[in-house]
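>>> Model the following, please.
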Amino acid sequence: MARVWLFGLAILLVGLVLLFLWHPRIGELFHKHVQDRPKRRLFLAAVGFFLTLASARSMAYAAGQGIPPFHYIYIRGTHVHHLVWGILLLLFVGFGWLIEIGTGTKGSSLFASRLMSLLYGVGAALTLDEFALWLNLEEKVYWTREGRASLDAILLFSAALLIGIWGRNFLKALPGELLRWGNKKP
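Predicted coordinates for the structure are as follows:
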């Protein structure tokens, strides 16, 4: 279900990943260990997907348990599901790519490329998280425990595997770099 918190958290996560990659040494490691441009974009989309899906599931659990501040969003009496925000993000990214913003080509901005890749993963997660509503608009089916538990586990595990496949070398090099940061004397 759409929550302002979910959308805000997804954007915050995207921002944090971008800031993390903006650090010169981390950016260098990323490019060194994920040399293929399409793989870098796939990796970032998978990271955005994984973080957003994990957040969406956590917040859905919290809202279902009545844990504040998580709740459902209604606009003029209509319940707005978070797949709406996902569809809007996918449309935004698709349009950006059509007009060649963040396409990853040599002439495009590195920041825009990373941002669009992450946003694609975020939009896909928000949309696919409510896949059951695509074909059956009754929320009762979407929220059955049996219908959700295995799908959640499969999707989260699949996203984690894809992150590992596309970013394996980068993820292996990252702890060493972070340890070097910790060992630097001020």
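>>> Residue 103 reaches residue 115, doesn't it?
No. At 11.9 Å, residue 103 does not count as touching residue 115 under the criterion of C-beta atoms under 8 Å. In this view, the C-beta of every residue, glycine as well, is placed from N, C-alpha and C.
>>> between the two, who's got more neighbours?
Counted by other C-beta atoms under 10 Å, residue 103 and residue 115 do not tie: residue 115 has more neighbours, with 21 against 18.
>>> Who are the contact partners of that one?
Residues near residue 115 by C-beta atoms under 8 Å, 6 or more residues apart in numbering: 14, 18, 102.
>>> From the residues you listed, pick the one nearest residue 119.
Distance to residue 119 across those (C-beta to C-beta) is lowest for residue 14, with 6.4 Å.
>>> Run through the neighbouring helices and strands of the helix or strand harbouring residue 54.
Here residue 54, judged by DSSP states H and E, is contained in helix 37-64. The helices and strands touching helix 37-64, judged by 3 or more C-beta pairs under 8 Å, 6 or more residues apart in numbering; DSSP states H and E, are helix 4-22, helix 110-128, helix 145-183.
>>> What residue, apart from its backbone neighbours, is nearest residue 159 spatially?
Setting aside the residues directly before and after it, residue 159 is nearest to residue 50 in space (C-beta to C-beta, 6 or more residues apart in numbering), at 3.8 Å.
>>> Wait, that neighbour touches residue 166, no?
No. Counting by C-beta under 8 Å, residue 166 is not a contact partner of residue 50; they are 11.5 Å apart.
>>> residue contacts, residue 46?
Listed by C-beta under 8 Å, 6+ apart, the contact set of residue 46 reads 121, 159, 162-163, 166-167.
>>> Can you give me the distance of the residue nearest to residue 159 to residue 13?
Per C-beta to C-beta, to the nearest Å, residue 50 is found 10 Å from residue 13.
>>> And these two? Which one has more around it.
residue 50 (22 against 19).
>>> what number of residues lie near residue 173?
Counted by other C-beta under 10 Å, the residues lying close to residue 173 total 17.
>>> Roughly how far does it sit from residue 50?
From residue 173 to residue 50 the distance is 19 Å (C-beta to C-beta).
>>> Residue 64 now?
Per C-beta to C-beta, residue 64 is found 21 Å from residue 50.
>>> quick one, the helix holding residue 54 and helix 145-183 angle?
On the basis of axes from the mean of the first three to the mean of the last three C-alpha atoms, to 10 degrees, helix 37-64 is oriented at 120 degrees to helix 145-183.
>>> How about residues contacting the following helix or strand past helix 37-64?
Counting by DSSP H and E, the element after helix 37-64 in chain order, helix or strand, is strand 74-75. For strand 74-75, the external contacting residues (C-beta under 8 Å, 6+ apart) are residue 80.
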